[in-house]
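Q: Model the following, please.
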Amino acid sequence: MRNGRLVATLVGGSGGPPILDRAAAPVGGPPIREPYPMPREFPRTRRVGEQIQRELAELIREEVKDPRLGMVTILGVQVSRDLSHAKVFVSVLGDHDQVAESLRILKRVAGFLRHALGQRMVIRTVPQLQFVHDESVERGSRLSSLIDEAVASDAAKSPKKDTDD
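A: This next block holds a predicted model:
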């Protein structure tokens with residue numbers, strides 16, 4: 001306190017938001033530091049990718065009328081920093097031929113989907129869509145079945161213990 005007035009100074013380096021330091025608290029005691037909380041912001045590319053994922057899932061379900069298109073699930077979208085390209089990771093239910101056919105159809109209708117995204121989203125440039133088959137779901141189910149088989153074979157090999165002791 002200087003001349004009966006509380007003096008507040010901003011302290012902190014260039015590493016973050018300024019912190020108010022009341023060097024002379026009127027009650028006495030240690031100085032009070034009050035940070036200015038900043039809301040946690042998500043990168044714009046992630047937000048745009050999540051919005052594209054939601055919109056594409058709805059567009060594929062409602063607008064693409066090709067009967068050869070299998071059960072397609074949009075697993076994720078990676079958008080480049082300049083928002084000009086987007087990798088769309090999809091999973092398709094079926095064998096290898098159905099996956100290849102569904103990817104061909106999605107690549108063929110990518111222009112239509114991009115145009116429809118432009119009408120639905122408020123964004124200056126709509127990224128070019130590149131559809132990529134994501135095998136992580138199939139790989140996970142294959143590993144799960146292998147683990148189940150190993151547990152079953154171990155249970156069959158091990159002798160059962162009597163609990164009548």
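Q: which residues touch Val137?
A: Val137 makes contact with 73, 75, 91, according to CB atoms under 8 Å, 6 or more residues apart in numbering. Any C-beta I mention is one placed from the backbone N, CA and C, and that applies to glycine too.
Q: Out of those, name the ones that lie in strands.
A: Counting by DSSP state E, the part of the contacts of Val137 found in strands is 73, 75, 91.
Q: Now a ChimeraX select for only the buried ones of those residues.
A: Entered in ChimeraX, the line below selects the buried ones among the ones in strands among the contacts of Val137, by 16 or more other CB atoms under 10 Å:
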select :91
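Q: distance of Ile147 from Val88?
A: 30 Å (CB to CB, to the nearest Å).
Q: So if I had to pick from the two, which one is more boxed in?
A: Shown here are Ile147 and Val88; by other CB atoms under 10 Å, Val88 has more neighbours (25 against 10).
Q: Please name the bridge partners of that one.
A: Counting by DSSP bridges, Val88 forms beta bridges with Val77, Phe131.
Q: measure Arg124 to Leu56 for me?
A: Distance of Arg124 to Leu56, computed by CB to CB: 19 Å.
Q: the more surrounded of these two?
A: Neighbour count, other CB under 10 Å: between Arg124 and Leu56, Leu56 has more, with 25 against 6.
Q: Check which helices and strands whichever strand or helix holds the more buried one sits against.
A: Per DSSP states H and E, Leu56 falls inside helix 44-62. Packed against helix 44-62 by the contact rule (3 or more CB pairs under 8 Å, 6 or more residues apart in numbering; DSSP states H and E) you find strand 72-79, strand 85-92, helix 110-120.
Q: hmm, 6 Å instead?
A: strand 72-79, helix 110-120 (3 or more CB pairs under 6 Å, 6 or more residues apart in numbering; DSSP states H and E).
Q: can I get the CA coordinates of it in PDB?
A: C-alpha atoms of helix 44-62 as PDB (Å, rounded to 0.1, in the frame of the first residue of the first chain):
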ATOM      1  CA  ARG A  44      -8.900 -25.700 -35.000                       C
ATOM      2  CA  THR A  45      -7.900 -28.600 -37.100                       C
ATOM      3  CA  ARG A  46      -9.200 -31.100 -34.500                       C
ATOM      4  CA  ARG A  47     -12.600 -29.200 -34.200                       C
ATOM      5  CA  VAL A  48     -12.900 -29.100 -38.000                       C
ATOM      6  CA  GLY A  49     -12.000 -32.800 -38.300                       C
ATOM      7  CA  GLU A  50     -14.700 -33.700 -35.700                       C
ATOM      8  CA  GLN A  51     -17.300 -31.700 -37.500                       C
ATOM      9  CA  ILE A  52     -16.400 -33.200 -40.800                       C
ATOM     10  CA  GLN A  53     -16.600 -36.700 -39.300                       C
ATOM     11  CA  ARG A  54     -20.200 -36.000 -38.000                       C
ATOM     12  CA  GLU A  55     -21.400 -34.400 -41.200                       C
ATOM     13  CA  LEU A  56     -19.800 -37.100 -43.400                       C
ATOM     14  CA  ALA A  57     -21.400 -39.900 -41.400                       C
ATOM     15  CA  GLU A  58     -24.800 -38.300 -41.900                       C
ATOM     16  CA  LEU A  59     -24.200 -37.500 -45.600                       C
ATOM     17  CA  ILE A  60     -23.100 -41.100 -46.400                       C
ATOM     18  CA  ARG A  61     -26.000 -42.600 -44.500                       C
ATOM     19  CA  GLU A  62     -28.700 -40.300 -46.000                       C
END
